[in-house]
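In: how would this look folded up:
(2 chains)
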Amino acid sequence: MTTRQLTLCAVLTALALALSYLENFIPLNLFIPLPGVKLGLANIVTVFALYALGAGPALTILIARCLLGAIFAGNLNALIFSLMGGLAAMLVMIVLSKMKKLSIYGVSMGGAAAHNCGQIGAALLTLGNSAPLNYLPVLLGVSVFTGALTGLIASLLFRAMERTNLMKA
Amino acid sequence: MKSSVKLTFCRWDLIVAALILTAAGVLAAGYWGRTLAVGSSSLTAVVSAGGQETDRVRLASLSGAQERTYSSNGYTLTVRFSPDGVAVETSDCPNQDCVHTGTISRAGQSIVCLPARISIQLTGQSGSGDADVVIG
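Out: Numbering: from 1, shown residues only, chains lettered A, B, ... in the order given. Next up, the predicted model:
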């Protein structure tokens, strides 16, 4: 890994943490009052890192963001949710990004759906009963819209970056 | 850049969206199928904390609204049980999702408070006494 890539990884980790924090100020759960309903803004960074840097650095950024986010929030209980959701999303997005016919929107929507499935899995483990499964249909439906939104922002980011020389190796 | 990225929405993305929405629809149909098959007179609220059942309230046996308090994982919830349904009245959890869920009144519905690790599920048996029409 070059110094430029290492620096980009650090900047993207900081950006993902900032987006995760920013998301707390968007009260999406007032309109859809379900645990785990989020825009998934930090996923913009994951999608961007996956295409710009590759699966390895994207995974490193994701794990660093989950660990640091839990430490800064002082809530290690949340770590299992962010890790299970994030890793499920990453795995699905790695597979989908290999399919050349899909655009960044399809990859992002698949990632958002997988993220919600991972978080429901974490909720099942935490609560020890099947109650969270009832939320899965709504969360999957919402993930199409949140995934398309993060895909749109990621595509705008790529278009903007193409005009700079920051992404040239 | 590691790999080329397609930046415009295409019909293959639409297929991904359709697959996710179909999965959501199938799961929702299963859920609503279970919910509608149960009569309201047989509803029981099962309260669990940390994976252990802590309370069980048969809604039809209540003469009026009743409030109960549950504490788990450092948080306290006040739950209102009535013959019409169950709602979390107050909670000191940070995200308040459990309070915003509102009243649940059908079998299969649930209220979850993840910070407190408390869940309230409505359960019931199909065809257990709810008559559509009473003659005579």
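In: By mean pLDDT, flag the weakest helix or strand of chain A.
Out: One helix or strand of chain A scores below all others by mean pLDDT, DSSP states H and E: helix A:28-31, with a mean of 73.
In: Excluding covalently adjacent residues, which one is nearest to the residue in chain A that chain B sits nearest to?
Out: Residue nearest to chain B within chain A: A:Gly128 (2.3 Å; CB to the nearest CB). The C-beta positions use only the backbone N, C-alpha and C, and glycine is treated the same way. Leaving aside its chain neighbours, A:Gly128 sits nearest to B:Gly51 (2.3 Å; criterion: CB to CB, 6 or more residues apart in numbering or on different chains).
In: Give me the pLDDT value at the residue most central in space within chain A.
Out: Closest to where the C-alpha atoms of chain A average out (CA atoms, centre = their mean) is A:Asn43, at 2.7 Å. Here the pLDDT value assigned to A:Asn43 is 91.
In: show me what contacts the closest residue to it other than its chain neighbours?
Out: Leaving aside its chain neighbours, A:Asn43 sits nearest to A:Thr150 (4.8 Å; criterion: CB to CB, 6+ apart). By CB atoms under 8 Å, 6 or more residues apart in numbering or on different chains, the contact list for A:Thr150 reads A:39-41, A:43-44, A:47, A:108, A:112.
In: Residues contacting the helix or strand hosting the residue nearest to the centre of chain A, please?
Out: Using DSSP states H and E, A:Asn43 sits in helix A:42-52. Helix A:42-52 is contacted from outside by A:8-9, A:12, A:15-17, A:19-20, A:23, A:57-58, A:61-62, A:65, A:86, A:89-90, A:93-94, A:97, A:104, A:107-108, A:111-112, A:115, A:147, A:150-151, A:153-154, A:157-158, A:161, A:167, B:1-3, B:5, using CB under 8 Å, 6+ apart.
In: Would you pull up the residue in chain B closest to chain A?
Out: B:Gly51 (2.3 Å).
In: For that residue, which residues are in contact?
Out: So, once contact is read as CB under 8 Å, 6+ apart, B:Gly51 ends up touching A:127-129, B:117.
In: Where is the longest helix in chain A?
Out: helix A:136-162 (DSSP state H).
In: do the same with chain B
Out: Per DSSP H, chain B has its longest helix at helix B:11-36.
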